[in-house]
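> okay, predicted coordinates and the sequence, questions at the end:
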Amino acid sequence: MIQFHCPSCKKLYAFKFLPIPDDGAEFLCARCDAKCMLTEKNGKVSVELISVTEPDEPSNTQQVYDSYRPDEDEWFTPEELERRLRGLVMELPIGIEYHIGVTEGPDRGVTVPVQKACVMIGKTGCDINLSDISVSREHCRLEIYGHEMMVVRDLDSTWGTFRNGVQVSLGIIRPGDTLQVGKSTLAIIQIRKAHY
């Protein structure tokens, strides 16, 4: 089990598996937006604070770069966002690696690498299968459009999909955001690969 605290707000993160490249990985705290550098040596993870976003300063770290979205994507209706997705191709971005970590719920501590641009999340037969009984069989889908944007799409689940505590049927998601499906909370983790 890999455990570390955010050096800024002291939020505890715990993962069964978290791949950290030899030259380290940037990590954005989901609670306080602090940018940290994770390094691993002899099986121990050290965390160094790089910067803290001031409350009135928008964070530009760990974002999926999206030329289509304004500063406040919450104003997009699902219909408007659907129009913006037309013509975009689902593909993993070059130089960026994503992982989905379960931070709350029965599967807490599980981390799954994202290996394709369309990731189904649910209870059975999905790319990420959760043992949470309140999760629908096919609950939601994470769609990655290269460097353009990442969205979450609810698949008519029984209890809904929530991004940062707000229910969405289709919404833009950024690394550091949390998804609530059933009684489970998932964190989107972004790791920039070296030499990109």
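The structure has been received and is ready for your questions.
> Leu81: neighbour count?
20 (other C-beta atoms under 10 Å). For glycine as for every other residue, the C-beta is placed from the backbone atoms N, C-alpha and C.
> tell me the buried residues in stretch 163-178?
Arg163, Val168, Ser169, Leu170, Gly171, Ile172, Ile173, Arg174, Pro175, Gly176, Asp177, Thr178 (16 or more other C-beta atoms under 10 Å).
> make that stretch 182-196, sorry
Gly182, Ser184, Thr185, Leu186, Ala187, Ile188, Ile189, Gln190, Ile191, Arg192.
> now it - C-alpha only, CSV.
Coordinates of the C-alpha atoms in stretch 182-196 are reproduced here as CSV (Å, rounded to 0.1, in the frame of the first residue of the first chain):
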residue,chain,number,x,y,z
GLY,A,182,-22.7,4.9,-6.1
LYS,A,183,-20.9,5.0,-2.7
SER,A,184,-17.5,5.0,-4.4
THR,A,185,-15.3,8.1,-5.1
LEU,A,186,-12.8,7.9,-8.0
ALA,A,187,-9.9,10.3,-8.6
ILE,A,188,-8.4,11.0,-12.0
ILE,A,189,-4.6,10.9,-11.8
GLN,A,190,-2.4,12.3,-14.6
ILE,A,191,1.3,11.5,-15.0
ARG,A,192,3.3,13.4,-17.6
LYS,A,193,5.8,11.1,-19.3
ALA,A,194,9.5,12.2,-19.4
HIS,A,195,10.8,13.7,-22.6
TYR,A,196,7.5,15.2,-23.8
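> for it, the distance to its chain's centre please.
With C-alpha atoms, centre = their mean, to the nearest Å as the basis, stretch 182-196 stands 4 Å off its chain's centre.
> do stretch 164-174 as well
11 Å.
> what average pLDDT does that stretch get?
What stretch 164-174 shows for mean pLDDT is 92.
> compute the first-to-last residue distance for that stretch.
In stretch 164-174, first residue to last residue: 10 Å (C-alpha to C-alpha, to the nearest Å).
> that older thread, in a markdown table: the buried residues of stretch 163-178, plus distance to Lys10 and secondary structure.
Shown next, in a markdown table, are these (distance: C-beta to C-beta, whole Å; DSSP: H, G, I helix; E, B strand; the rest coil):
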| residue | distance to Lys10 | secondary structure |
| --- | --- | --- |
| Arg163 | 24 | strand |
| Val168 | 29 | strand |
| Ser169 | 34 | coil |
| Leu170 | 34 | strand |
| Gly171 | 29 | strand |
| Ile172 | 29 | strand |
| Ile173 | 25 | coil |
| Arg174 | 23 | coil |
| Pro175 | 21 | coil |
| Gly176 | 17 | coil |
| Asp177 | 20 | coil |
| Thr178 | 18 | strand |
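> out of these, which one sits closest to Tyr145?
Ile172 (10.2 Å; C-beta to C-beta).
> check the gap between the closest one and Glu148 for me.
To Glu148, Ile172 is 10 Å away according to C-beta to C-beta, to the nearest Å.
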